[in-house]
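Chemist: output the structure for:
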Amino acid sequence: MVDIARRDLFRAGAVMWVASACRSPAAEQDAPYVPPPAWPPTRAEHAGSGLAGLPSPEVVEADITELAGKLARGETTSVALVRGYHARIDALHEPLRAVLEVNPEAEALAARLDAERAAGHVRGPLHGIPILVKDNIDTGDTMLTTAGSLALADAPAPRDAFVIARLRMAGAIILGKTNLSEWANLRGNGSLSGWSARGGQCRNPYALDRSASGSSSGSAAAAAASLAAATLGSETDGSITSPASMTSCVGIKPTIGVVSRGGVIPISFSQDTVGPIARTVRDAALVLNAIAGFDPEDPVTFGAPLEDYTKHLDAKALAGARIGVPRNGWFGISRTIDSFVTAAIGRLAELGAVIVDDVALEQPPQLAGLELAVMLSELKPGLAAYLARRGDPKFRSLLDVIAFDLAHSSRELRYFGQELFEQAQARPGLAASDYAGARAQCLELARGLLDGALQHHQLDALVVGTGSLPWLIDPLCGDTFPAAPNAPTLPAVAGYPHVTVPAGEFHGLPIGLSFIGTAFSEAKLLGFAYAFEQATKHRKPPRYLATAEL
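Modeler: Sure, this is the predicted structure:
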């Protein structure tokens with residue numbers, strides 16, 4: 001669930017940052033490991049700059065409302081949708097590696113939901129709609145939940161995560177599990193976004209030699225490539241919003257408390273959340289409607305307001321809205337991002353927004369180290385609680401996972417290590433001397449900056465570039481983040497909502513625009529994102545280019 005934060009944490013010197021240095025020969029001594037395919041070999045064939053003959057064009061870029069309409073009119077069935085998405089997953093498996101596993105029960109589930117529909121019972125807009133979910137979210141079925149690690153690949157989870165139960169109640173079909181950055185990018189220094197020992201390297205469908213970011217890389221790539229109607233990701237700092245922005249998708253990182261984390265492999269209970277990644281704002285809002293709600297297993301969800309987020313999707317939502325634009329610390333880092341954000345700000349003004357320029361919102365340098373101290377303190381007890389819920393006798397603690405990785409280093413530690421796991425294991429958890437103070441300072445800094453800016457200027461939201469362009473995948477040197485502004489960290493640390501929406505493409509590579517607000521302002525942010533989306537129509541489907549257009 002950690003992506004952009006990892007860049008800042010390591011650069012701040014909180015841990016040794018080695019992504020910019022190539023691996024030592026010792027790291028390459030083990031024989032290479034190629035995970036076995038989860039289904040028959042791919043049928044996709046490279047043809048020129050893209051992929052030819054991709055199946056099921058009827059589901060490509062089809063939104064949930066469109067699919068629901070076809071189901072209602074009898075123009076298709078949920079069984080047909082499952083088969084269509086399965087065909088695309090099969091065809092795009094090898095170039096993308098976005099999906100780890102397909103649900104063998106999906107077609108039977110679809111048939112039952114078709115029968116319900118035929119009998120006049122429709123559960124809602126997600127009835128019979130196939131959804132893919134990140135492989136750190138428990139499904140109480142035959143599929144595995146592993147966080148991409150081979151350590152948890154022996155047996156499935158015993159019961160659904162709360163969000164999965166909510167999706168099933170809404171009539172959604174859990175189509176399969178998506179690849180991710182193993183252990184959500186908080187295992188070791190210099191980790192490789194989108195890589196897991198279980199699934200291999202996920203690739204960006206807009207340029208196959210580039211990263212889809214992380215850790216919800218597979219969820220974002222799958223949504224972009226129309227491998228499902230929408231997907232679920234998770235975020236601690238950047239892991240929904242960054243992959244969504246780099247795959248021309250909409251991503252929602254909700255306020256902490258809107259969506260339960262029960263049954264989700266954790267990093268930090270202070271910052272972890274689950275959220276949707278979709279091709280449209282409306283689809284993302286529909287999925288958020290379904291998964292939000294009170295879960296007794298996650299008390300932080302008590303008291304969160306219940307919303308129908310789709311009611312706030314108004315093409316005129318920006319008229320009269322006060323939108324703040326921070327400059328210092330956000331502009332002058334990337335000329336490319338600056339130009340796209342400047343164009344977006346002009347479009348917001350044309351849509352009636354009152355632009356309040358040069359808002360003070362510079363991220364303090366000490367925040368990175370404080371955030372890491374919180375994560376490392378919460379990881380060990382949080383993972384122990386999750387493993388106890390799961391009931392696997394072989395894995396009860398972080399130490400058990402560390403030992404497994406060492407015993408299977410040729411598979412697990414081939415490209416990078418587990419230094420962060422070891423640091424977390426060495427800490428006394430929540431009893432760490434710096435934990436309480438670090439958490440208090442995180443909240444004071446992040447919430448103080450965001451709420452201070454919003455209140456001082458009477459703003460409805462802040463708008464910034466989400467992050468960088470997708471970078472080249474380099475398994476030997478790790479992630480090489482381009483210089484860019486970093487939208488996710490402040491709302492992630494504060495626990496506040498963050499919505500990213502497509503803002504265009506540069507040489508075929510997507511760029512995202514972020515709307516950030518105070519606690520529980522998701523509805524307002526989605527309204528702004530929807531108005532911008534409808535006016536600009538920036539999203540374009542991927543072409544599966546071998547490399548970026550020059």
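
Chemist: can you give me the offset of stretch 381-390 from its chain's centre?
Modeler: Relative to its chain's centre, stretch 381-390 lies at 22 Å (Cα atoms, centre = their mean, to the nearest Å).

Chemist: also stretch 119-133?
Modeler: 23 Å.

Chemist: buried residues, it. List them.
Modeler: Buried residues in stretch 119-133, counted by 16 or more other Cβ atoms under 10 Å: 123, 125, 126, 127, 128, 129, 130, 131, 132, 133. Where you see a C-beta, it was placed from the backbone N, CA and C, and this is true even at glycine.

Chemist: and the contacts of stretch 344-352?
Modeler: 316, 318-321, 323, 325, 355, 463, 503, 513, 531-532, 535-536 (Cβ atoms under 8 Å, 6 or more residues apart in numbering).

Chemist: top of those by neighbour count?
Modeler: Greatest neighbour count in the contacts of stretch 344-352, by other Cβ atoms under 10 Å, goes to residue 513: 30 neighbours.

Chemist: residue 541 sits in which helix or strand?
Modeler: For residue 541, there is no enclosing helix or strand under DSSP states H and E.

Chemist: skip the chain neighbours and tell me the closest residue to it.
Modeler: Nearest in space to residue 541, with sequence neighbours left out and distances taken as Cβ to Cβ, 6 or more residues apart in numbering, is residue 61 at 5.4 Å.

Chemist: got phi/psi on the one you found?
Modeler: With angles defined as degrees, to the nearest 10, residue 61 sits at phi 60, psi 10.

Chemist: and the two most separated of the buried residues of stretch 119-133?
Modeler: The most widely separated members of the buried residues of stretch 119-133, counting by Cβ to Cβ, are 123 and 132 (19.2 Å).

Chemist: ok, back up a step: for the buried residues of stretch 119-133, which one is nearest residue 149?
Modeler: Of the buried residues of stretch 119-133, the one sitting nearest to residue 149 (Cβ to Cβ) turns out to be residue 133, at 16.7 Å.

Chemist: pretty sure that closest one is in a strand, no?
Modeler: Yes. Per DSSP: H, G, I helix; E, B strand; the rest coil, residue 133 lies within a strand segment.

Chemist: ok, and the closest non-adjacent residue to it?
Modeler: Using Cβ to Cβ, 6+ apart, the nearest residue to residue 133 is residue 232, at 4.3 Å.

Chemist: quick check on that neighbour: phi, psi?
Modeler: Dihedral angles for residue 232 - degrees, to the nearest 10 - are phi -110, psi 140.

Chemist: and residue 448, what's its pLDDT?
Modeler: Residue 448 carries a pLDDT value of 98.

Chemist: show me what contacts it?
Modeler: The contact partners of residue 448, taken as Cβ under 8 Å, 6+ apart, number zero.

Chemist: how far away is it from residue 80?
Modeler: As for residue 448, its distance to residue 80 is 52 Å (criterion: Cβ to Cβ, to the nearest Å).

Chemist: circling back to that earlier point, verify the stated contact: the residue nearest to residue 133 with residue 163.
Modeler: Yes. Counting by Cβ atoms under 8 Å, residue 163 is a contact partner of residue 232 at 6.6 Å.

Chemist: who's more crowded, the two?
Modeler: For residue 232 and residue 163, the more surrounded residue by other Cβ under 10 Å is residue 232, and the numbers stand at 31 against 28.

Chemist: helices of the stretch 151-300 of the chain, start to end?
Modeler: Secondary structure of the stretch 151-300 of the chain by DSSP state H, counting those that start in this stretch: the helices cover 162-169, 217-224, 241-245, 281-291.

Chemist: next step: the buried residues of stretch 119-133 restricted to strands.
Modeler: Mapping the buried residues of stretch 119-133 onto strands (DSSP state E) picks out 130, 131, 132, 133.

Chemist: which members of the contacts of stretch 344-352 occur in strands, if any?
Modeler: 323, 325, 355, 463, 503, 513.

Chemist: spit out the contact partners of the fifth one.
Modeler: Under the criterion of Cβ under 8 Å, 6+ apart, the neighbours of residue 503 are 340, 341, 343, 344, 465, 511, 512, 513, 536, 538.

Chemist: spit out the contact partners of the residue nearest the centre of the chain.
Modeler: By Cα atoms, centre = their mean, the chain has its centre lying nearest to residue 240, at 2.4 Å. Taking Cβ under 8 Å, 6+ apart as the criterion, residue 240 is in contact with 216, 219, 233, 234, 251, 252, 253, 275, 277.

Chemist: can you pull the pLDDT of the nearest residue to residue 534 once chain neighbours are set aside?
Modeler: Computed as Cβ to Cβ, 6+ apart, the closest residue to residue 534 that is not its neighbour in sequence is residue 315, at 4.8 Å. Residue 315 carries a pLDDT score of 98 in this model.

Chemist: same deal with the one 10 residues further on?
Modeler: In this prediction, residue 325 carries a pLDDT score of 98.

Chemist: centre of the chain to the host helix or strand of residue 117, how far?
Modeler: Using DSSP H and E, residue 117 maps to helix 106-118. In terms of Cα atoms, centre = their mean, the centre of helix 106-118 is found 28 Å from the chain centre.

Chemist: and it, what's buried?
Modeler: 106, 107, 109, 110, 113, 114, 116, 117.

Chemist: swap in stretch 185-192?
Modeler: Neighbour counts over stretch 185-192 (16+ other Cβ under 10 Å) mark 185, 186, 187, 188, 189, 190, 191, 192 as buried.

Chemist: with respect to residue 367, which of those residues is nearest?
Modeler: Out of these, the member with the shortest distance to residue 367 (by Cβ to Cβ) is residue 186, at 16.8 Å.

Chemist: wait, the closest one touches residue 378, no?
Modeler: No. Judged on Cβ under 8 Å, residue 186 makes no contact with residue 378 at a distance of 10.6 Å.

Chemist: next SSE after the longest helix seen in the chain?
Modeler: The longest helix of the chain (DSSP state H) is helix 367-390. Per DSSP H and E, the first helix or strand lying C-terminal to helix 367-390 is helix 398-407.

Chemist: could you check the angle helix 367-390 makes with that next one?
Modeler: Using axes from the mean of the first three to the mean of the last three Cα atoms, to 10 degrees, one finds that helix 398-407 and helix 367-390 are set 90 degrees apart in direction.

Chemist: which strands and helices lie in contact with helix 398-407?
Modeler: If you count contacts as 3 or more Cβ pairs under 8 Å, 6 or more residues apart in numbering; DSSP states H and E, helix 398-407 packs onto helix 367-390, helix 419-426.
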